[in-house]
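Novice: heads up, no residue letters with this:
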């Protein structure tokens, strides 16, 4: 089946530094990927839609200058948390759609970010 | 606004069937019912989906009422590894922006 790979699985960084998270579709081309954030004991919240070759679309309340998204190829989208602060500590999850199999949306394994 | 409502939590015994209800009374004719689950500290895992007919796969069965206003996910023989948060979601096939509600926390006990 289709697989979405997310890297790293967890990262610890100092406040003020930037962190990049990668999301790859391993056996299909994904023109669209999605980034979610999940705080402890809460549900997933959609942050942004990543479109290959164009600017990402951000959900209301999500700072586009803080959460930089790049979708430079059909198999890779990256989320960069810039100038991270402790309140950005969260579980970040990506997903990708396979246009050839619209019925399923596949998720990465998630990245736990801890900002000290 | 939440499009589905699920019980907050439920327990079930290992080896028994687990029946997870979901209400989606405002579902549209072109919306499918999807079930995902999320095991702690992992990404959501697809379980099953359906439009109006009952569906079964290697993981579970999905029973959708005739009026499509509710559905039940059935895990036929729950194991400890089925402990997870289960999300019931409605979506049209061309809409990949899934909206997750609170889900049902299922705890399988030995």
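Specialist: The structure has been received and is ready for your questions. Predicted model only: the values in this text are computed from it and were never measured.
Novice: smallest gap between chain A and chain B, at which residue?
Specialist: residue A:107 (3.7 Å; Cβ to the nearest Cβ). Yep, even glycine has a C-beta here, placed from its N, CA and C like the rest.
Novice: against residue B:15, how distant is that residue?
Specialist: Note on residue A:107: its distance to residue B:15, by Cβ to Cβ, to the nearest Å, is 28 Å.
Novice: one step back: next, count neighbours for the residue of chain A closest to chain B.
Specialist: Counted with other Cβ atoms under 10 Å in any protein chain shown, residues neighbouring residue A:107 total 23.
Novice: what residues are up against it?
Specialist: By Cβ atoms under 8 Å, 6 or more residues apart in numbering or on different chains, residue A:107 lies in contact with A:4, A:93, A:94, A:95, B:36, B:43, B:44, B:45.
Novice: just the buried positions in stretch A:21-30, please.
Specialist: Residues of stretch A:21-30 classed as buried: A:21, A:22, A:23, A:24, A:25, A:28, A:30 (neighbour count, 16 or more other Cβ atoms under 10 Å in any protein chain shown).
Novice: among the residues you listed, which pair sits farthest apart?
Specialist: Distances among those were taken as Cβ to Cβ; the most separated pair is A:21 and A:28, at 19.9 Å.
Novice: what backbone torsions are found at residue A:12?
Specialist: phi -120, psi 130 (degrees, to the nearest 10).
Novice: return the residues of chain A in contact with chain B.
Specialist: Applying Cβ under 8 Å from any Cβ of the partner chain, one finds that chain A approaches chain B through A:4, A:6, A:32, A:34, A:36, A:43-46, A:49, A:91, A:93, A:95, A:97, A:102-110, A:112.
Novice: before we move on, back to that, enumerate the beta-bridge partners assigned to the residue of chain A closest to chain B.
Specialist: Residue A:107 has these beta-bridge partners by DSSP bridges: residue A:95.
Novice: try residue B:45
Specialist: The partner residues for residue B:45, given DSSP bridges, come to residue B:37.
Novice: what count of nearby residues applies to it?
Specialist: Residue B:45 has 15 neighbours, counted by other Cβ under 10 Å.
Novice: look up the pLDDT of it for me, please.
Specialist: For residue B:45, the pLDDT comes out at 93.
Novice: can I get the buried residues of stretch A:21-30 in TSV with secondary structure, pLDDT and distance to residue B:98?
Specialist: Output for these, formatted as TSV (DSSP: H, G, I helix; E, B strand; the rest coil; pLDDT from 0 to 100; distance: Cβ to Cβ, whole Å):
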residue	secondary structure	pLDDT	distance to residue B:98
A:21	strand	98	19
A:22	strand	97	21
A:23	strand	96	15
A:24	strand	95	20
A:25	strand	92	17
A:28	coil	86	18
A:30	coil	87	15
